[in-house]
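Undergrad: next one to model:
(one chain, ligands or ions: 2)
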Amino acid sequence: MPCWGCRAKSYNTKSVQKTGNEKNKNQSNLKNKPENNELGCAANISAKNISAGEYDYDLVVIGGGSGGLAAAKEATALGAKVAVLDYVTPSPIGTKWGLGGTCVNVGCIPKKLMHQAALLGESIHDAKSYGWQIGDNVSHSWESLRDAIQAHIKSVNWVTRVELRDKKVEYINGLGTFKDAHTVQTVTKQGERNLTARYFLIAVGGRPKYSNIPGALEYGITSDDIFSLNRVPGKTIIVGAGYIGLECAGFLKGLGYDATVMIRSVPLRGFDQQMAGIIVEEMRDKGVKFLHKCLPKSVEKLDSGKLKVSWVNEASEEFNDEFDTILFAIGRRALTKELNLENAGVKIAGDGEKIDAVNEQTNVSHIFAVGDVLYKKPELTPVAIHAGRLLARRLFGNSTINMDYDNVATTIFTPLEYGCVGISEEVAIKRYGEDNIEVYHGYYKPTEFFIPQKSIVHCYLKVVALREGDQKVLGLHFIGPQAGEVIQGFAAALKCNLTVNALMSTVGIHPTIAEEFTRINITKRSGKDPNPASCCS
Ligand code: FAD
Ligand code: NAP
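TA: Ligands and ions are numbered 1, 2, ... in the order given. Alright, predicted model coming up:
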């Protein structure tokens, strides 16, 4: 199997050395290709389909975020002529940012840095018990943290632009809309442009939603604004208990701000609910407040400058309190309306927002989609990147490898992190029946927690497996420090059909927390006490 560099070479040779005859043959092939074929035809279109000169570009990517940039860079490496359009519409309070998409500017990266800042606050406290002489007047500066994070983001924006230039990807800072199935229109500082291409990739991602209540848009902020907020957040209420709601509440509390989470139904819906419950308990122990089964009703600005937030509970009882900040974390809207998809004939999925695609191919055979814009696919950066790269290889590198969206590992960066891969206990029971499932579980004591006497009551893990034979592992769930780092390696093992037998015969690394997965031996069914006897038992 040739390396990608060699494939790139062979692609180049093909496209450059194409004879007149070959060109005609390819063009007639394409003419016969239906523009609006049924979903289901795999995107295994090889490089030889490309004929130079017919269109301005081989590929135009709309959206310069995780998925779009990965696909664009891979496609140019394989010899394609590629343009990327990226444009950020400012948030309702005017926040805007540069090239790179959500992850870099207002997502994973600033979030992880704020999470790290909060963890360091905990570590300063722990350090005293490890002998570090630290005064009592330790304080935190929101402004310094925000400025450091924004400086880092700007440097990434810059590096991304340079990388695109070096890799010969044309970057166009403009909003793209479809004019027809082979033309995207945009307006840049230089004026209007029409770009024609053989293939298009929709990688527009999404933006946060706001509750439809009075005052939400005027006074509310979202994750688009928090990481560059030009004032301290102060006492904050967070509406929504998904990834973003819990992560933001976690780092805000860790940085010293009063944080309240308003939950509409259950926390982390879709995740293993035992683990979600433990996360909420842990956050509560750390001082985060929770309003269960409540919905916001209105936001009003008082003369004092504070926000009066009203909400109702399940019994329709109304409550209110004053806050400095209200942050909506109630999910994200895919940016498809802005694309004029009807001009290209691309259909929207049943939810009215996202695009359904089989192997990233939309109902229009030469228009593809990756990332958060895809219907019923995980909204995660590595998913967008992986799908984008694989697609580019199929389009321009003769590859036939499709994206596998199953068993994607993920981590919620709450104060005590929750990492998981595979299915939850409830999904396993529903899918296979309770009698056919074995759940191993255990509490554990991280060695690092002993000296500062940190609470270990929420350090918990479980393995969901089939009961028969070697007990194929269906899901791994871990709550503890560095859960993301722990679960990443086990995700590879799960892809290789990990069994409980194999886990139990793996020799651990001591003293680590990841070794706990190799020590599991208590099943829920046995009813035995899952608490550890000692650190080395
Ligand atoms: P995006 O990265 O959103 O990029 C789309 C780009 O297209 C944007 O720049 C947008 O402005 C632009 N655009 C939109 N419409 C047009 C148009 N018509 N013309 C031109 N440009 C357009 N994922 C993780 O894996 N780990 C995490 O820890 C994590 N944390 C997150 C924290 C937060 C607060 C948020 C909001 C998200 C987080 N995510 C995380 C999710 C992750 O950021 C997304 O899954 C990922 O960025 C999706 O990539 P994408 O390419 O689909 O879209
Ligand atoms: P989310 O995980 O879908 O959570 C949305 C939350 O808002 C849910 O608790 C939901 O409650 C609630 N909600 C929805 N509509 C509401 C309304 N009208 N009023 C009150 N509450 C409402 O969405 P998110 O937290 O905004 O995150 C978006 C995506 O970004 C995630 O799916 C994730 O893939 C990605 N992300 C990943 C990471 C990570 O990898 N660490 C971090 C952040 C974000 P119900 O359950 O009742 O619907």
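Undergrad: tell me what L85 is bridged to.
TA: I62, I172 (DSSP bridges).
Undergrad: report how many residues lie close to it.
TA: Number of residues near L85 (other C-beta atoms under 10 Å) recorded here: 25. Glycine gets a C-beta too; all of them are placed from N, C-alpha and C.
Undergrad: then the one 5 residues further on?
TA: Neighbouring residues of P90 were enumerated by other C-beta under 10 Å; the total is 10.
Undergrad: quick one, domains of this structure?
TA: As given by automatic domain parsing, the domain ranges for the chain are 20-92+154-207+333-396, 103-145, 210-330, 410-519.
Undergrad: in TSV: those, plus mean pLDDT and distance to K528.
TA: As requested, these are exported to TSV (pLDDT from 0 to 100; distance: least, C-beta to C-beta, whole Å):
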stretch	mean pLDDT	distance to K528
domain 20-92+154-207+333-396	87	35
domain 103-145	96	32
domain 210-330	98	17
domain 410-519	97	10
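Undergrad: would TSV of the ones you listed with distance to G527 be doable?
TA: As requested, these are arranged in TSV below (distance: least, C-beta to C-beta, whole Å):
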stretch	distance to G527
domain 20-92+154-207+333-396	35
domain 103-145	35
domain 210-330	16
domain 410-519	11
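Undergrad: adding distance to ligand 1, write these out as a markdown table.
TA: Formatted as a markdown table, the domains of the chain follow (distance: least, C-beta to the nearest ligand atom, whole Å):
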| stretch | distance to ligand 1 |
| --- | --- |
| domain 20-92+154-207+333-396 | 2 |
| domain 103-145 | 3 |
| domain 210-330 | 4 |
| domain 410-519 | 6 |
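Undergrad: list the contacts for the residue in the stretch 151-300 of the chain that ligand 2 sits nearest to?
TA: Among the residues of the stretch 151-300 of the chain, G242 lies closest to ligand 2, at 1.9 Å counting by C-beta to the nearest ligand atom. Applying C-beta atoms under 8 Å, 6 or more residues apart in numbering to G242 gives the contacts L268, R269, A329, I330, G331.
Undergrad: near ligand 2, from those residues?
TA: R269, A329, I330, G331 (C-beta under 6 Å from any ligand atom).
Undergrad: gap between the first one and A241?
TA: In this case it means R269. 8 Å (C-beta to C-beta, to the nearest Å).
Undergrad: higher neighbour count, those two?
TA: A241 (26 against 12).
Undergrad: check for me that that one belongs to a helix.
TA: No - assessed with DSSP: H, G, I helix; E, B strand; the rest coil, A241 is coil; it does not lie in a helix.
Undergrad: and it, its phi and psi?
TA: Dihedral pair for A241: phi -130, psi 40, per degrees, to the nearest 10.
Undergrad: that one contacts G270, correct?
TA: No - A241 is not in contact with G270 according to C-beta atoms under 8 Å; the separation is 11.6 Å.
Undergrad: and R284, what element?
TA: helix 273-285 (DSSP states H and E).
Undergrad: what are the contacting residues of that helix?
TA: So helix 273-285 is contacted by 241, 246, 249-250, 253, 261, 266-268, 290, 412, 414-416, 418, 420, 424-426, 455, 457-458, 460, 462, 477, 479 (C-beta under 8 Å, 6+ apart).
Undergrad: let me know the next secondary structure element after that helix.
TA: Assigned by DSSP H and E, the successor of helix 273-285 is strand 289-291.
Undergrad: how about that following strand: buried residues?
TA: F290, L291 (16 or more other C-beta atoms under 10 Å).
Undergrad: ditto for stretch 311-322
TA: Those would be W311, for stretch 311-322 by 16+ other C-beta under 10 Å.
Undergrad: go on, stretch 500-513?
TA: Buried, per 16+ other C-beta under 10 Å, within stretch 500-513: V500, A502, L503, M504, I513.
Undergrad: what do you get for stretch 323-337?
TA: For stretch 323-337, by 16+ other C-beta under 10 Å, it's F323, D324, T325, I326, L327, F328, A329, I330, R332, A334, L335, T336.
Undergrad: isn't the first one right next to V239, touching?
TA: In other words, F323. No - using C-beta under 8 Å, F323 is not in contact with V239; the gap is 11.0 Å.
Undergrad: and L255, how far from M114?
TA: Counting by C-beta to C-beta - L255 and M114 are separated by 7 Å.
Undergrad: swap in E317?
TA: E317 is 34 Å from M114, by C-beta to C-beta.
Undergrad: can you check F413 too?
TA: 9 Å.
Undergrad: in this structure, which strand has the most residues?
TA: strand 191-202 (DSSP state E).
Undergrad: which secondary structure elements does it contact?
TA: strand 57-62, helix 66-77, strand 82-85, strand 183-188, strand 367-369, helix 381-396 (3 or more C-beta pairs under 8 Å, 6 or more residues apart in numbering; DSSP states H and E).
Undergrad: what strands flank the fourth one, and is each parallel or antiparallel?
TA: Right, strand 183-188. strand 177-180 (antiparallel), strand 191-202 (antiparallel).
Undergrad: tell me the contacts of L374?
TA: K354, I355, D356, A357, E360, A387.
Undergrad: if you set the cut-off to 10 Å instead, what comes out?
TA: 67, 202-203, 334, 349, 354-357, 360, 362, 383-384, 387, 403, 405 (C-beta atoms under 10 Å, 6 or more residues apart in numbering).
Undergrad: again with V138
TA: V138 touches G121, I124, H125, K128, counting by C-beta under 10 Å, 6+ apart.
Undergrad: so is the helix holding R284 next to ligand 2?
TA: No - counting by C-beta under 6 Å from any ligand atom, no contacts exist between helix 273-285 and ligand 2, the nearest distance being 10.1 Å.
Undergrad: can I get that helix in PDB, CA atoms only?
TA: The C-alpha coordinates for helix 273-285 follow below in PDB (Å, rounded to 0.1, in the frame of the first residue of the first chain):
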ATOM      1  CA  GLN A 273     -27.300   8.300  33.700                       C
ATOM      2  CA  GLN A 274     -25.600   6.800  36.700                       C
ATOM      3  CA  MET A 275     -22.400   8.500  35.600                       C
ATOM      4  CA  ALA A 276     -24.200  11.800  34.800                       C
ATOM      5  CA  GLY A 277     -25.700  11.700  38.400                       C
ATOM      6  CA  ILE A 278     -22.300  11.300  39.900                       C
ATOM      7  CA  ILE A 279     -21.000  14.200  37.900                       C
ATOM      8  CA  VAL A 280     -23.800  16.400  39.200                       C
ATOM      9  CA  GLU A 281     -23.200  15.200  42.800                       C
ATOM     10  CA  GLU A 282     -19.500  16.000  42.500                       C
ATOM     11  CA  MET A 283     -20.200  19.500  41.100                       C
ATOM     12  CA  ARG A 284     -22.700  20.100  43.900                       C
ATOM     13  CA  ASP A 285     -20.000  19.100  46.400                       C
END
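Undergrad: could you say which helix or strand contains the residue of the stretch 351-500 of the chain found nearest ligand 2?
TA: The minimum distance from the stretch 351-500 of the chain to ligand 2, using C-beta to the nearest ligand atom, falls at E379 (3.4 Å). Remark: E379 resides in no helix or strand, with elements defined by DSSP H and E.
Undergrad: pull the number of nearby residues for P382.
TA: Neighbours around P382, by other C-beta under 10 Å: 15.
Undergrad: name the nearest residue to it, ignoring sequence neighbours.
TA: Spatially, and ignoring its direct neighbours in sequence, P382 is nearest to V408 (7.6 Å; C-beta to C-beta, 6 or more residues apart in numbering).
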